[in-house]
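Novice: sharing a sequence plus its predicted fold:
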Amino acid sequence: MFSPRDLTVQQLRCFVTVADEGQFTAAADELQMAQPSISAQIARLETVLGVSLFVRGRRPISLTEAGRELLPIARRALTTVEDVFHAVDELDGLRRGHVTIGATPSIGATLVPRALASFRAAHPEVSLALVERDTDTLASDLVAGRLDLALVVGPFVRTHADVTTLATERLALLMREDHPLAHRAEVRIGDLRDVPLIMFHEGYELRTATLQAFADAGFEPLVAMDGAEVATVHAFVAAGLGAAIVPSILATMDDSLTLVHLAEPVIERTICLVRDSRHPLTRAARVLREVIEAEITTAWPPGAGIVLAPSAVPPPAATTRGRKSSQVTA
């Protein structure tokens, strides 16, 4: 006397595949099994159930009445089994998973550490990797599947891109507290004609935006130091070598420095969280995305020059209504 415990997932999988393919040889190729093994699994299933499932001797082979009754039930059973394995994989994704996130350097130095710290505190067994590149390179990495998520400067328009706009931020002048412009409410580009500046290295969209703003104003910046990275910009400013035009987000890196927003024109950039829709996110990556979206709502104090996207609850922020503005797009 057989019991349900004698029926196996492998038997059902062989049965459904033979039914779909119409012959044992094709089913063996599909399942990458030897044909005798397929035949043995079907025979065992028929013995367990006490019925014949296929009419032999025809090509393609056909199902008996019992086989036709069993087929939809077997399909549902296999779907349930796959759901079980998927659920276990999802659970493992938060126990032993891995997420690779890309970010532009300024975002990688500010928002990303806060988000990753929150994520790691809740899911310490998930390994994390960060890739810092410019927006175009990160876009290529997403397409190639080398990244799960990326924080980039928008607007970000790419085929198959799933884009979540997180916030818009103003560029500002970063300087020491003893700088002549440190106590201004706002600074215009025209005020910087003779101010020594620290410039980001070529390839930063911030450098491009800064040079364009000076060109629009009709003069070139006075460059005190050129080719700096995010961390060295702060170090050079702190050392008194000059001021620097930076995103408002960078003000979170050093409380000892002063940040004054630029006006006339107001220069803005958009922070976007993106993924390639052709590459499904693991559970760990989905949770990290949620952490990033939550983190950005609490990352900055009022007046920081960060305006959250409409989907988030924004902190009070300085308005730019009525002012000329330009957008950092690279």
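Specialist: Great, that's in hand. Predicted model, so just to flag it, every value in this text is computed and none were measured.

Novice: can you give me the helices in this structure?
Specialist: Applying DSSP state H to the chain gives helices spanning 9-21, 24-31, 35-49, 65-93, 105-108, 111-122, 135-143, 205-217, 230-238, 283-295.

Novice: so the second one versus helix 35-49, what angle?
Specialist: I take that to be helix 24-31. 100 degrees (axes from the mean of the first three to the mean of the last three CA atoms, to 10 degrees).

Novice: what about the stretch 1-150 of the chain, any weak spots by pLDDT?
Specialist: 1-5, 58, 83-96 (pLDDT under 70).

Novice: ok so, going back, looking at the helices of the chain, which is closest to Pro247?
Specialist: helix 105-108 (5.4 Å; CB to CB). Just so you know, the C-beta spots here come from the backbone N, C-alpha and C atoms, and that holds for glycine as well.

Novice: who touches the closest one?
Specialist: 130, 132, 151-153, 204, 206, 229-230, 246-247, 249-250, 271 (CB atoms under 8 Å, 6 or more residues apart in numbering).

Novice: who touches stretch 216-236?
Specialist: 105-106, 109, 174, 189-190, 192-202, 210-211, 214, 241-242, 244, 246, 250, 253-254, 257, 265, 326.

Novice: got it, and stretch 68-78?
Specialist: Residues contacting stretch 68-78 (CB under 8 Å, 6+ apart): 9, 12-13, 15-16, 19, 49, 53, 63.

Novice: who does Leu259 bridge with?
Specialist: Leu174 (DSSP bridges).

Novice: report pLDDT for it.
Specialist: For Leu259, the pLDDT comes out at 88.

Novice: so it touches Pro247, yeah?
Specialist: No. Between Leu259 and Pro247 there is no contact, the gap being 9.9 Å when judged by CB atoms under 8 Å.

Novice: any residues in contact with both of the two?
Specialist: Ala172.

Novice: between these two, who's got more neighbours?
Specialist: Neighbour count, other CB atoms under 10 Å: between Leu259 and Pro247, Pro247 has more, with 28 against 19.

Novice: the more buried one contacts Leu206, doesn't it?
Specialist: Yes. Contact status for Pro247 versus Leu206: in contact at 6.8 Å, counting by CB under 8 Å.

Novice: joint contacts of the two?
Specialist: Shared contacts of Pro247 and Leu206 (CB under 8 Å, 6+ apart): 106, 171.

Novice: buried set for stretch 142-153?
Specialist: Within stretch 142-153, the residues that qualify as buried are 142-143, 147-153, counting by 16 or more other CB atoms under 10 Å.

Novice: which two in the residues you listed are spaced the farthest apart?
Specialist: The widest separation within the buried residues of stretch 142-153 (CB to CB) is 18.8 Å, between Asp148 and Val153.

Novice: in contact with Val143, which residues?
Specialist: 158, 160, 276.

Novice: go on, Glu177?
Specialist: 256-258.

Novice: now do Pro247
Specialist: Pro247 touches 106, 169-172, 206, 269, counting by CB under 8 Å, 6+ apart.

Novice: and for Pro196?
Specialist: Listed by CB under 8 Å, 6+ apart, the contact partners of Pro196 are 222-224, 241-243.

Novice: in a markdown table: the residues you listed, plus pLDDT, neighbour count and distance to Glu290.
Specialist: Output for the contacts of Pro196, formatted as a markdown table (pLDDT from 0 to 100; neighbours: other CB atoms under 10 Å; distance: CB to CB, whole Å):
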| residue | pLDDT | neighbour count | distance to Glu290 |
| --- | --- | --- | --- |
| Leu222 | 94 | 13 | 45 |
| Val223 | 93 | 12 | 42 |
| Ala224 | 93 | 17 | 42 |
| Leu241 | 93 | 17 | 41 |
| Gly242 | 93 | 23 | 40 |
| Ala243 | 94 | 27 | 37 |
